[in-house]
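In: Sequence unavailable; structure follows:
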Ligand SMILES: Nc1nc2c(ncn2[C@@H]2O[C@H](COP(=O)(O)OP(=O)(O)OP(=O)(O)O)[C@@H](O)[C@H]2O)c(=O)[nH]1
Ligand SMILES: [Mg+2]
């Protein structure tokens, strides 16, 4: 325990979120709260009219209060007003000038909105100053900074709207240095990463030492929640891959092509529905709204994938080479793969296999063997379908976890398919195909070592840990 770390009277840390109007103050608070319920967000100036408070907790322990404030609209007028106060009473300190301003303001004063902000600033321990980097550092921002620094509270500039604005960002950093502000955060509220949030708390830790331990508690708590969230997403996708790879649709070849295309339709239908359900679950797990989906450019409309998994252009859309040897032939449609444990069930060899097989083989492969005798075959999801299913969910997961944004400024590197797929992919899919009973969760499946290994491989590869 750090000596200095018990805040006076167990008072919560108070963080004021301030800045020019329409810079994303309310959006940042929503992101930090993981809630779309807080405040009102609009692409218009003066959306937030009053100071609003929300508390961030680590489980049941409240850690800090966030205070949303109205945007500063007329910093020039406020600056001049403060100057007047200080010239009238030269004995006032900078903070004293601010205090005098807020105590003398009347309800109908044109600076009443600004007074609400300054009142909260004076009551807070640290200020998050939100900047829309798309705007140059105009005079109004200089005034804002001059005014805020009078409060003698640590100021952490937070750069918002950073995506695609590297140059402007560099300019802002340079100009803030002139105000002796050398620490700032990049925090795109919509392209948010857990790392950025962690850095934000760590910055506050260095500036407000009395709250160090409490903030550490919050960081650890949030890290745990984040890991669990990532894991449940990856597990949900694994469940999808497994259920599809294990799935079989029987078709009776004796009834000819009609039965065959019916079986194919049924298989396609099953896969589409399974993917759809997984999408719905993932959006729910990550608490993604329609708007988030649009901002992250996820190719989903009304909760549905824009491109059907069996659409002709899908291989290309997911960067798969239709001419690659692994996919040749397989891409033509759902293939039949009845290689069972090295036991080929092609009609000719099946006869021999049955003749030579012992009781245990017959028990294990009984259904397959009977099926061959009956002329029943099974359709399984083919290689290209499984690959697309995997790659599409992996891409989706990355977007949902906002991982993709870490490399926003980098040119996208084309990674060969083989490296994007999990280690031993073919072995995984082949084992899954041979275990149709695994297509649903069961005690025996979940206790099987072979299954657990596959699950671990898929999960760690989805989380890029493989
Ligand atoms: N692309 C993008 N848009 C953002 C981001 N942050 C906020 N916005 C949008 O910017 C607009 C303003 O956001 P608000 O959170 O209402 O801004 P504010 O600073 O609270 O505004 P006032 O309360 O009016 O002072 C909204 O349309 C948001 O959706 C961001 O990081 N990236
Ligand atoms: Mg607001």
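Out: Okay, I see it. None of the values given here were measured: they were computed from a predicted structure. Numbers count the residues shown, from 1 in each chain. Ligands and ions are numbered 1, 2, ... in the order given.
In: Would you map the helices across the stretch 201-350 of the chain?
Out: 212-246, 257-285, 290-295, 314-317, 347-356 (DSSP state H, counting those that start in this stretch).
In: State the mean pLDDT of the longest one.
Out: Per-residue confidence for helix 212-246 averages out to 94 on the pLDDT scale.
In: and that helix, what does it pack onto?
Out: If you count contacts as 3 or more Cβ pairs under 8 Å, 6 or more residues apart in numbering; DSSP states H and E, helix 212-246 packs onto strand 52-58, strand 61-68, helix 194-207, helix 257-285, helix 383-400, helix 425-433, helix 449-462. All C-beta spots, glycine's among them, are computed from the backbone N, C-alpha and C.
In: Make a markdown table out of these and add mean pLDDT, distance to residue 102 and mean neighbour count.
Out: Output for these, formatted as a markdown table (pLDDT from 0 to 100; distance: least, Cβ to Cβ, whole Å; neighbours: other Cβ atoms under 10 Å):
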| stretch | mean pLDDT | distance to residue 102 | mean neighbour count |
| --- | --- | --- | --- |
| strand 52-58 | 93 | 17 | 16 |
| strand 61-68 | 96 | 15 | 19 |
| helix 194-207 | 89 | 24 | 17 |
| helix 257-285 | 86 | 44 | 16 |
| helix 383-400 | 88 | 43 | 22 |
| helix 425-433 | 90 | 64 | 19 |
| helix 449-462 | 96 | 52 | 17 |
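In: Now residue 248: closest residue in space, sequence neighbours ignored.
Out: residue 378 (4.0 Å; Cβ to Cβ, 6 or more residues apart in numbering).
In: For this structure, which residues are neighbours of ligand 2?
Out: 25, 26, 47, 48 (Cβ under 5 Å from the ion).
In: What backbone torsions are found at residue 39?
Out: Taking degrees, to the nearest 10, you get phi 60, psi -170 for the backbone angles of residue 39.
In: now residue 144
Out: Residue torsions, per degrees, to the nearest 10, at residue 144 are phi -60, psi -50.
In: Tell me, how many residues neighbour it?
Out: Neighbour count for residue 144, taken as other Cβ atoms under 10 Å: 23.
In: residues contacting the closest residue in space to it that isn't next to it in sequence?
Out: Closest residue to residue 144 apart from its sequence neighbours, by Cβ to Cβ, 6+ apart: residue 75 at 4.5 Å. Residue 75 makes contact with 20, 114, 140, 141, 143, 144, 147, according to Cβ atoms under 8 Å, 6 or more residues apart in numbering.
In: before we move on, back to that, for the residues of the chain next to ligand 2, work out which two are farthest apart.
Out: Pairwise distances across those peak at 9.2 Å for 25 and 47 (criterion: Cβ to Cβ).
In: Now the common contact residues for these two.
Out: residue 71.
In: Those two: which has the busier surroundings?
Out: Using other Cβ under 10 Å as the criterion, residue 25 and residue 47 rank with residue 25 on top: 30 against 16.
In: okay, the most centrally placed residue in the chain: pLDDT?
Out: Nearest residue to the geometric centre of the chain (Cα atoms, centre = their mean): residue 401, 2.3 Å. As predicted, residue 401 sits at a pLDDT of 80.
In: Ok, residue 366 next?
Out: 54.
In: still on that earlier bit, the residue nearest to residue 248 sits in which helix or strand?
Out: strand 376-379 (DSSP states H and E).
In: Spatially, what comes nearest to residue 57 if we skip its sequence neighbours?
Out: Nearest one to residue 57, counting by Cβ to Cβ, 6+ apart, is residue 63 at 6.0 Å.
In: what's the spacing between the one you found and residue 144?
Out: 28 Å (Cβ to Cβ, to the nearest Å).
In: Show me which residues of this structure sit near ligand 1.
Out: For the chain, the residues in contact with ligand 1 (Cβ under 6 Å from any ligand atom) are 21-27, 41-43, 45-48, 70-71, 160-161, 188-190.
In: Filter these down to the buried ones.
Out: 21-27, 41, 47-48, 70-71, 160-161, 188-190 (16 or more other Cβ atoms under 10 Å).
In: can you tell me which of the residues you listed are in strands?
Out: residue 160 (DSSP state E).
In: Pretty sure residue 197 is one of the things residue 223 touches, is it not?
Out: No. Contact between residue 223 and residue 197 fails when scored by Cβ atoms under 8 Å: they sit 9.8 Å apart.
In: okay, now the residue of the stretch 201-350 of the chain at minimum distance from ligand 2: neighbour count?
Out: Closest residue of the stretch 201-350 of the chain to ligand 2, Cβ to the ion: residue 291 (16.3 Å). Per other Cβ under 10 Å, the neighbour tally for residue 291 reads 11.
In: What ranges in the stretch 301-450 of the chain fall below the confidence cut-off?
Out: 321-377, 402-419 (pLDDT under 70).
In: Try it again at 80.
Out: 312-379, 402-419 (pLDDT under 80).
In: Break down the stretch 1-150 of the chain into its helices, ranges please.
Out: Under DSSP H, counting those that start in this stretch, the stretch 1-150 of the chain gives helices at 25-33, 75-88, 94-104, 112-123, 139-149.
In: most packed of the ones you listed?
Out: Highest mean neighbour count of the helices of the stretch 1-150 of the chain: helix 25-33, a mean of 22 (counted as mean count of other Cβ atoms under 10 Å).
In: That helix relative to helix 194-207, how many degrees between them?
Out: 100 degrees (axes from the mean of the first three to the mean of the last three Cα atoms, to 10 degrees).
In: what's in contact with helix 25-33?
Out: By Cβ under 8 Å, 6+ apart, helix 25-33 touches 17-19, 36, 38-41, 47-48, 54, 56, 66, 68-69, 71, 128, 130, 158, 160, 187, 189-190, 192, 197, 200.
In: And that helix, how far out from the chain middle?
Out: 15 Å (Cα atoms, centre = their mean, to the nearest Å).
In: Quick check: the gap between residue 121 and residue 157.
Out: 15 Å.
In: Same check on residue 55?
Out: For residue 55, the distance to residue 157 - Cβ to Cβ - is 24 Å.
In: repeat for residue 237
Out: 38 Å.
In: One more: residue 46?
Out: Counting by Cβ to Cβ, the gap from residue 46 to residue 157 is 22 Å.
In: For residue 226, give me its contacts.
Out: residue 194.
In: again, 10 Å this time
Out: Under the criterion of Cβ atoms under 10 Å, 6 or more residues apart in numbering, the contact list for residue 226 reads 193, 194, 195, 197, 198, 401.
In: Does the second one touch residue 187 like I think?
Out: Translated: residue 194. No. Counting by Cβ atoms under 10 Å, residue 194 sits too far from residue 187 to count as a contact (11.5 Å).
In: Nothing else from me, thank you.
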